[in-house]
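J.: just coords:
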């Protein structure tokens, strides 16, 4: 079976061609099934212990030099890992390499008050907790009850005890709250990571996502302390959801802090200076990242 994802909606092909020109073919070629990736959870065990456990299961792996807690598995399935002891014990979390980037770039520290605006199922929330050594105070919002319960389960298993999990829309948080840092991994069209049901991507979906993203960004900037940092990310490569949304934030008075790629492994697309647009390929999903300061 081919690793290439098909079919790709005609409107998306046309939009990618319009926005990226010759680069569009590189994006489309990157729509493929990727190997299983995971990260070790230092709140429950070391990366070396995870490596030993994977070896004991007869699984080959590659360690990521840019993030030593990250593993790329060779010939393993997500189902196989989800039935393993390290998974049950919370020592690992199955997560794409691209989705590990926002918490890394936000660089949470012990003592900081951090908001994860759209947190379920909890992958980035638990990573924020792990990166801060469990010392950051994190508020994690999710409005959907089922996704919220899944997030709470993951927080418990991962040992992320300093997380205030709230079943609420982040847009409803009090404007009197203030946070040192905010992660907004915004709901998006998923144009950077197509799957077999990619036909659900439509012009209307992109339009609706962009509207929601701007509402969340506006709210996030209100909740930031003066001088605070907001990391905005999507798993989209479309400019309406990315560069145009960031320009909206700049019109509200935010400043753009230039990002540098955390690794040369990333295949980057041309885009707004200071932001990162990751081209989908054999390891990474298509992703967008921008860092804003109030």
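T.: Structure's in. What do you need? In this text the structure is predicted, and so the values were computed from the model without any measurement.
J.: quick check: pLDDT value at the closest residue to residue 212 other than its chain neighbours.
T.: In space, and not counting its chain neighbours, residue 212 is closest to residue 187: 5.7 Å by Cβ to Cβ, 6 or more residues apart in numbering. Any C-beta I mention is one placed from the backbone N, CA and C, and that applies to glycine too. pLDDT for residue 187: 96.
J.: and the next helix or strand past the longest strand seen in the chain?
T.: Across the chain, the strand with the greatest residue count (assigned by DSSP state E) is strand 224-234. Downstream of strand 224-234, the next assigned helix or strand under DSSP states H and E is helix 243-251.
J.: which residues belonging to that following helix are considered buried?
T.: 243, 245-246, 249 (16 or more other Cβ atoms under 10 Å).
J.: same question for stretch 260-274.
T.: Within stretch 260-274, the residues scored as buried using 16+ other Cβ under 10 Å are 262, 266-267, 269, 271-272.
J.: what is the orientation angle of the longest strand of the chain with helix 243-251?
T.: If you take axes from the mean of the first three to the mean of the last three Cα atoms, to 10 degrees, strand 224-234 sits at 170 degrees to helix 243-251.
J.: wait, what's in contact with residue 278?
T.: 98, 101, 192, 266-269, 284-289 (Cβ atoms under 8 Å, 6 or more residues apart in numbering).
J.: mind doing that once more with 10 Å?
T.: 30, 97-98, 101, 192, 233, 235, 237, 261, 265-269, 271, 284-289 (Cβ atoms under 10 Å, 6 or more residues apart in numbering).
J.: roughly how far apart are the closest residue to residue 123 other than its chain neighbours and residue 40?
T.: Nearest residue to residue 123 in three dimensions, chain neighbours excluded: residue 95, at 4.7 Å (Cβ to Cβ, 6+ apart). As judged by Cβ to Cβ, to the nearest Å, residue 95 and residue 40 stand 11 Å apart.
J.: mutual contacts of these two, please.
T.: Listed as contacting both residue 95 and residue 40 by Cβ under 10 Å, 6+ apart are residue 70.
J.: okay, the two: which has more neighbours?
T.: Remark: of residue 95 and residue 40, residue 40 carries more neighbours, 26 against 19, as counted by other Cβ atoms under 10 Å.
J.: counting neighbours, what do you get for residue 145?
T.: Residue 145 is flanked by 9 other residues according to other Cβ under 10 Å.
J.: residue contacts, the residue nearest to residue 240 when sequence neighbours are not counted?
T.: What sits nearest to residue 240 in space, not counting adjacent residues and going by Cβ to Cβ, 6+ apart, is residue 210, at 4.9 Å. By Cβ under 10 Å, 6+ apart, the contact set of residue 210 is 186, 188-189, 234, 236, 238-242, 244-245, 248.
J.: so for the helix or strand hosting residue 210, mean pLDDT?
T.: Taking DSSP H and E as the definition, one finds residue 210 inside helix 203-223. In this model, helix 203-223 carries a mean pLDDT of 97.
J.: and for stretch 24-31?
T.: Across stretch 24-31, the per-residue pLDDT values average to 94.
J.: off-centre distance for it?
T.: Offset of stretch 24-31 from its chain centre (Cα atoms, centre = their mean, to the nearest Å): 20 Å.
J.: how about stretch 210-217?
T.: In this view, stretch 210-217 has its centroid 16 Å away from the chain centroid, taken as Cα atoms, centre = their mean.
J.: ranges for the strands of the protein?
T.: 37-40, 60-64, 67-74, 92-94, 113-116, 137-141, 163-166, 179-185, 224-234, 255-257, 276-278, 287-293.
J.: coming back round to it: filter the contacts of residue 210 to the buried ones?
T.: Among the contacts of residue 210, those classed as buried by 16+ other Cβ under 10 Å are 186, 188-189, 234, 236, 238-242, 245.
J.: now, the most widely separated pair of those residues?
T.: 186 and 239 (14.4 Å; Cβ to Cβ).
J.: that older thread, and which of the buried residues of helix 243-251 is nearest to residue 222?
T.: Nearest to residue 222 among the buried residues of helix 243-251: residue 249, at 11.6 Å, using Cβ to Cβ.
J.: read off the pLDDT value for the closest one.
T.: Residue 249 is assigned a pLDDT of 97 by the prediction.
J.: pLDDT weak spots in the stretch 1-150 of the chain?
T.: Low-confidence segments of the stretch 1-150 of the chain (pLDDT under 70): 1-6.
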